[in-house]
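**Student:** Here you go, sequence then predicted model.
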Amino acid sequence: MLPPIPDDLVREVVIEHARQWPAWLEGASDPEFQAYAVLTMCRALAFLRTGRQQSKHAAAVWGQELMPEWRGLIGWADDCWSGNDCGTTPDQLSEVTAFVQSTSRLAIENHG
């Protein structure tokens with residue numbers, strides 16, 4: 001069994017993970033990967049703000065409340081990840097990219 005991981009170290013890792021996502025997303029054409037990116041960033045922000053890990057769905061609900069301007073995109077990602085239709089619009093990647101860049105900055109500026 002592993003010893004407990006200090007909370008400060010977990011926060012550092014989550015912030016670094018959030019910092020890397022804009023680069024990982026570049027050119028990602030797979031809608032499921034795009035949905036994963038959106039939900040991962042919601043989970044990162046939720047953890048950094050609340051100190052609790054959340055499921056992808058719970059983080060999506062939390063993210064829609066915190067960032068109503070992204071409600072549609074987060075809802076799409078939650079539906080897509082839940083196995084529903086992942087249909088995208090021609091502009092989907094640019095919207096996902098903008099969301100990931102924005103939430104990455106929030107994670108870094110407010111917690112890093």
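**Tutor:** Received the coordinates, thanks.

**Student:** so Ile5, which of the three states?
**Tutor:** With DSSP: H, G, I helix; E, B strand; the rest coil as the basis, Ile5 sits in coil.

**Student:** quick one: it and Gln53, what's the gap?
**Tutor:** The spacing between Ile5 and Gln53, counted by C-beta to C-beta, to the nearest Å, is 12 Å. Yep, even glycine has a C-beta here, placed from its N, CA and C like the rest.

**Student:** higher neighbour count, those two?
**Tutor:** Gln53 (12 against 9; other C-beta atoms under 10 Å).

**Student:** Identify the residue nearest that one in space, chain neighbours excluded?
**Tutor:** Phe47 (5.7 Å; C-beta to C-beta, 6 or more residues apart in numbering).

**Student:** Just say helix, strand or coil for the one you found.
**Tutor:** Applying three-state DSSP: Phe47 is helix.

**Student:** list the contacts for it?
**Tutor:** Listed by C-beta atoms under 8 Å, 6 or more residues apart in numbering, the contact set of Phe47 reads 10-11, 14, 53-54.
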